[in-house]
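>>> model this:
(one chain, ligands or ions: 1)
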Amino acid sequence: MTPSEFTPRRIRDVYSSGQFGLSVEVFPPQTAKGDDLLYRTLDRLQSFRPAFVSCTYGAGGSTQARTVEICSEIQSRYQLAATAHFTCVGASRDDLIQGAELMMQSGIRNIMALRGDPPAGTETFTVAEGGLAHANELVELLREKSTDIGIGVAGYPEKHQEAADAQTDLDNLKRKVDAGADAVFTQLFFINDNFFEFRDRYAKAGITQPLIPGIMPITEFARIKRITSMCGAVFPEDLASRLEDAQDDQEQQFQIGLDHAIQQCQQLIDAGVPGIHFYVLNRSQACEQILTALGIGK
Ligand SMILES: Cc1cc2nc3c(=O)[nH]c(=O)nc-3n(C[C@H](O)[C@H](O)[C@H](O)COP(=O)(O)OP(=O)(O)OC[C@H]3O[C@@H](n4cnc5c(N)ncnc54)[C@H](O)[C@@H]3O)c2cc1C
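From the prediction side, this is the model:
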């Protein structure tokens, strides 16, 4: 099959097949060395047969061209569907329409529609002139352009940091789904009970789209502390204290993180999740070991 004959799977088809949907999320590297690492990672992870790989979109739209380039490369190199993340940050409605057209012309058939985080150095999200304020508006805009494209959106089992309360946040998530999203991918979390409680409320709210847990394996305590402080994920105290105790031993930190992720994923699978979305931070080692332990993809 030549790349031009390749038809990327749409997000909705991934989960409607009844098969477990493995997905991995990467970010656009800023250096040639970073590119090498990314493709070495994907060379290894593709053997676990992910349903798709998603690539993030930098704050301020700074990496849009790179996001599209990497998604196109993934599709032609691996014959594997790519999902391009797309945010409203710094973009007018016309910019967003052009951005969506560029993605579609590049053969991308799945988009993760996000409002986006404020650009580095700013605390709050500001609507760009003539731009959109919330992700549900971006979903609407994308659906106006295409009924065929696959659309994912973000969900927050532990509530989005800016939301007044969990119910308001869930009501807002429902707006995104009602606007035409095909599946919801969660922010990373470490406590499954928080996800299960959210899943119950999600179902009670009448949302039927697949809900995919987002898992970030802990490989380094200092790094994960930085990430959780930015996204607000709750860190279990016992896990934190075990990692504190291992603060001078990188290998032990990796092993503690790995054991936690394997247990977490096994419990999620046992509880019937339709897939898992791994935040792999462009590295394969932890994800490979988790997938091998769980017997996924091989
Ligand atoms: C799977 C995943 C992938 C991500 N990828 C990226 C990425 O590539 N690039 C990036 O910059 N960031 C990314 N993020 C982070 C995301 O951009 C931030 O969490 C951002 O702060 C919110 O984005 P959102 O799409 O959830 O926004 P929204 O759904 O717009 O929600 C933002 C806030 O506004 C509220 N809200 C939503 N809709 C309405 C409404 N209609 N009226 C009033 N209030 C409303 C919500 O409750 C929430 O508090 C990702 C997050 C996840 C979970």
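
>>> what's the lengthiest helix in the chain packed up against?
The longest helix of the chain (DSSP state H) is helix 250-270. Applying 3 or more CB pairs under 8 Å, 6 or more residues apart in numbering; DSSP states H and E, we find helix 250-270 packed against helix 192-204, strand 211-215, helix 237-245, strand 275-279, helix 285-294. Quick note: C-beta positions are derived from backbone N, CA and C, even for glycine.

>>> Try it again at 6 Å.
helix 237-245, helix 285-294 (3 or more CB pairs under 6 Å, 6 or more residues apart in numbering; DSSP states H and E).

>>> Run through who's touching the last one.
Counting contacts by CB atoms under 6 Å, 6 or more residues apart in numbering, the residues outside helix 285-294 that touch it are 48, 217, 219, 258, 261, 262, 265, 278, 280, 297.

>>> Which one among those residues sits at the bottom for pLDDT?
Here the lowest pLDDT out of the contacts of helix 285-294 sits on residue 297, with 86.

>>> what about the closest residue to it other than its chain neighbours, how many residues close to it?
Closest residue in space to residue 297, ignoring its immediate chain neighbours: residue 48 at 3.2 Å, by CB to CB, 6 or more residues apart in numbering. The number of residues packed near residue 48 is 19, by other CB atoms under 10 Å.

>>> wait, residue 48 sits on residue 284?
No - the criterion here is CB atoms under 6 Å, and residue 48 misses it with residue 284 at 9.4 Å.

>>> tell me the mean pLDDT over whichever strand or helix holds residue 103?
Taking DSSP states H and E as the criterion, residue 103 maps to helix 93-105. For helix 93-105, the mean pLDDT works out to 97.

>>> Okay, buried residues for it please.
Going by neighbour count (16 or more other CB atoms under 10 Å), the buried part of helix 93-105 is 93, 95, 96, 99, 100, 103, 104.

>>> what's the answer for stretch 171-191, then?
172-177, 179-191.

>>> Quick one: list the elements packing against the host helix or strand of residue 144.
Following DSSP H and E, one finds residue 144 within helix 135-145. Judged by 3+ CB pairs under 6 Å, 6+ apart, the packing partners of helix 135-145 are helix 93-105, strand 110-114, strand 150-155, helix 166-178.

>>> Could you pick out the residues of the stretch 101-250 of the chain near the ligand for me?
112, 114-117, 134-136, 154, 160, 162-163, 168-169, 172, 175-176, 185, 187, 214 (CB under 6 Å from any ligand atom).

>>> let's go with 5 Å and repeat that
Residues of the stretch 101-250 of the chain lying close to the ligand by CB under 5 Å from any ligand atom are 114-117, 134-135, 154, 160, 162-163, 169, 172, 185, 187.

>>> how about the contacts of helix 285-294, which pair is most distant?
Maximum pairwise distance in these, criterion CB to CB, is 20.1 Å, between 219 and 297.

>>> More neighbours: which of those two?
residue 219 (19 against 16).

>>> for that one, what are its contacts?
254, 257, 286.

>>> Spell out the secondary structure type for it.
coil (DSSP: H, G, I helix; E, B strand; the rest coil).

>>> Just the CA atoms of the helix or strand of the chain with the lowest mean pLDDT, as PDB, please.
Ranking every helix and strand in the chain by mean pLDDT, DSSP states H and E puts helix 221-231 at the bottom, with a mean of 92. What follows is helix 221-231, C-alpha atoms only, in PDB (Å, rounded to 0.1, in the frame of the first residue of the first chain):
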ATOM      1  CA  PHE A 221       9.600  12.200  40.500                       C
ATOM      2  CA  ALA A 222      10.800  15.800  39.900                       C
ATOM      3  CA  ARG A 223       9.400  15.800  36.400                       C
ATOM      4  CA  ILE A 224       6.000  14.400  37.400                       C
ATOM      5  CA  LYS A 225       5.700  16.900  40.300                       C
ATOM      6  CA  ARG A 226       6.200  19.700  37.800                       C
ATOM      7  CA  ILE A 227       3.600  18.300  35.400                       C
ATOM      8  CA  THR A 228       1.000  17.600  38.100                       C
ATOM      9  CA  SER A 229       1.400  21.100  39.600                       C
ATOM     10  CA  MET A 230       0.600  22.500  36.100                       C
ATOM     11  CA  CYS A 231      -2.400  20.300  35.300                       C
END
